[in-house]
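Chemist: next input, structure requested:
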Amino acid sequence: MNKDIAEILVTEEEVREICSRIAGEISRDYENSQKKLLLLCILKGSVVFMGELMKKINLPVEIDFMKVASYGKSTSTSGNINILLDLHRGDMEDIDIIIVEDIIDSGKTLSHLTEYLKLKGAHSVRTCTLLDKPSRREVEFTPDYTGKIIPDKFVVGFGLDYDEMYRALPYVGVLKPEVYGGK
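Modeler: Okay, the predicted model is just below:
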C-alpha cells in the first residue's frame, strides 16, 4: 500500500500529538459539566481517530455511532446527506455531544448533523475533526476542535480510505492520482 502514497502529510507521531492536544482541550472544556459527555463517531472513517482520542480524554466519556453518506464512489461530495445509522437515546437533554469526524471538506455533513442533533434535543453539540480542508468549504462551518488544516489533496490513512483501502495506515498520506484517476 505504501507504494500508492505520494507523500506523508501527517506522520504517526503528529497524529498522536494531535490526539493528545485535542483530548486535553476537550477535558478542559468539559471538566465542570454536569452532563454526560458523548463522543459520536461518524462511521467508518472516524473510528480510528475516535479510538485514539477517547483513550486520552481525562473524563468519563460515552461513545456512540452514526453512519451518514455524502460521498459516492467518486472523490467528490454529492451534496445530499443521508442518515444510514441514527442516534437513538431517551436522555438527549442530558448529553453534551462531540461529533468526531475524520476530515471536513465541504462542511455540509457536519453542518447538517449539528443542527439535526440540536433538533433532537441534545444539551450541546460540538464538532471535532482530525483534518480540515477549509479551501473546499461550501457552507459556512468551523469545527470546534481541529487537528490539522491541510491542503486540497486526496488523503488516506488513519481511518481515511479510498474504495475501502488504506484505512489501516498509521499516518495520513497523499494518494497518488493514478490510483484514483485524479490529476
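
Chemist: which residue ranges of the protein form strands?
Modeler: When secondary structure is read from DSSP state E, the chain shows strands at 5-10, 36-43, 62-71, 77-85, 95-104, 124-132, 145-149, 155-156, 172-175.

Chemist: tell me which helix or strand of the protein sits lowest on mean pLDDT?
Modeler: For the chain, scoring each helix and strand by mean pLDDT, DSSP states H and E identifies strand 77-85 as the least confident one, at a mean of 75.

Chemist: so how far does stretch 32-47 reach from one end to the other?
Modeler: Terminal residues of stretch 32-47 lie 27 Å apart, using CA to CA, to the nearest Å.

Chemist: who's in contact with that stretch?
Modeler: 26, 30, 50, 53-54, 57, 59-68, 85, 87, 91, 94-103, 109, 113, 117, 123-124, 130, 159-161, 167 (CB atoms under 8 Å, 6 or more residues apart in numbering). All C-beta spots, glycine's among them, are computed from the backbone N, C-alpha and C.

Chemist: one more pass at 7 Å, please.
Modeler: 30, 50, 54, 59-68, 85, 87, 94-102, 123, 159-161 (CB atoms under 7 Å, 6 or more residues apart in numbering).

Chemist: returning to what we had before: now the weakest link among the strands of the chain, please, by mean pLDDT.
Modeler: Lowest mean pLDDT of the strands of the chain: strand 77-85, a mean of 75.

Chemist: tally of neighbours for the residue lying closest to residue 141 once chain neighbours are set aside?
Modeler: Nearest residue to residue 141, sequence neighbours excluded (CB to CB, 6 or more residues apart in numbering): residue 107, at 3.4 Å. Residues contacting residue 107 under the criterion other CB atoms under 10 Å number 21.

Chemist: now do the contacts for residue 161.
Modeler: 45, 167.

Chemist: what of residue 175?
Modeler: Applying CB under 7 Å, 6+ apart, we find residue 175 in contact with 4, 5, 6, 154, 155, 156, 162.

Chemist: brilliant, that's me finished.
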